[in-house]
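[1] turn this into a model:
(chains A and B)
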Amino acid sequence: DAKTTQPNSMESNEEEPVHLPCNHSTISGTDYIHWYRQLPSQGPEYVIHGLTSNVNNRMASLAIAEDRKSSTLILHRATLRDAAVYYCILSAPQGAQKLVFGQGTRLTINP
Amino acid sequence: KAGVTQTPRYLIKTRGQQVTLSCSPISGHRSVSWYQQTPGQGLQFLFEYFSETQRNKGNFPGRFSGRQFSNSRSEMNVSTLELGDSALYLCASRSTLPGLAGSSYEQYFGPGTRLTVT
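    Residues are numbered from 1 along each chain as shown, chains lettered A, B, ... in the order given. All right, here's what the predicted structure looks like:
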């Protein structure tokens, strides 16, 4: 399984943008990049995924480097509810998948 | 639409016993995956079921098993419990497998079952 590397923790202020980085230098040409987050005492929650192009949804944006060896999850305006552990995961494009979770980045939002 | 439900939410068992955990996926979802979460190892994939067949399996001993029923509900069983099996067991569902018609990459997780082995 291709490996991802994320900072252990990050801190930001409420209502400011947050950029969460992820390195995945061994990504294969067909691997998708997924982001999930886990709020305290809850199961993980899907955030966004992409392959090559940048992606936007109501929760966040995903910026993927041109060589695909890194990506950045962007929360445009952080709220206290965004405090969670964020996981960057790679997965194969088809068939049964297992999400291989790393240690993730623990995001703290200051009021 | 109701989310993924898992029962029971909390469970205490003794070493050597066995346990069965249940997961009801979102209505219409046909794929169910199971994960184990511990403070030391983090989130680890156990297995995935689709159309009552196990499609993928993680690196867990044979004491961990599962099955899926025709209504897509799934159960996982752990036999001969060990102290190290204490964990949060999470179930996730999705509509179908990626690559198939109507597929989605999003997996929806339930709240988990907290198993404590004493």
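[2] only C-alpha atoms from now on, for both contacts and neighbour counts.
    OK.
[3] buried residues in stretch A:67-80?
    Judged by neighbour count (16 or more other Cα atoms under 10 Å in any protein chain shown), stretch A:67-80 contains these buried residues: A:Arg68, A:Ser70, A:Ser71, A:Thr72, A:Leu73, A:Ile74, A:Leu75, A:Ala78, A:Thr79.
[4] can you classify the third one by secondary structure?
    Spelled out, that is A:Ser71. Assigned with DSSP: H, G, I helix; E, B strand; the rest coil, A:Ser71 falls in the strand class.
[5] which pLDDT does the model give it?
    Confidence at A:Ser71, expressed as pLDDT, is 96.
[6] what do you get for the last one?
    A:Thr79 is assigned a predicted lDDT (pLDDT) of 96.
[7] show the contacting residues for it.
    Contacts for A:Thr79 were tallied using Cα atoms under 8 Å, 6 or more residues apart in numbering or on different chains; they are A:Glu14, A:Glu15, A:Ile109.
[8] let's see 7 Å
    Contact partners of A:Thr79, counting by Cα atoms under 7 Å, 6 or more residues apart in numbering or on different chains, are A:Glu14, A:Glu15.
[9] again, but for B:Lys13
    Applying Cα under 7 Å, 6+ apart to B:Lys13 gives the contacts B:Thr116, B:Val117, B:Thr118.
[10] that one bridge partners, please.
    Following DSSP bridges, B:Lys13 is listed with bridge partners B:Val117.
[11] not counting its neighbours along the chain, what's nearest A:Ser25?
    What sits nearest to A:Ser25 in space, not counting adjacent residues and going by Cα to Cα, 6 or more residues apart in numbering or on different chains, is A:Lys69, at 4.3 Å.
[12] roughly how far does the one you found sit from A:Ser53?
    Going from A:Lys69 to A:Ser53 by Cα to Cα, to the nearest Å gives 13 Å.
[13] same deal with A:Leu73?
    A:Leu73 is 13 Å from A:Ser53, by Cα to Cα.
[14] with A:Leu75 instead?
    Distance, A:Leu75 to A:Ser53, using Cα to Cα: 17 Å.
[15] number of residues surrounding the closest residue to A:Arg37 other than its chain neighbours?
    Counting by Cα to Cα, 6+ apart, A:Arg37 lies nearest to A:Tyr86, which is 4.3 Å off, once chain neighbours are set aside. For A:Tyr86, the number of neighbouring residues by other Cα atoms under 10 Å in any protein chain shown comes to 28.
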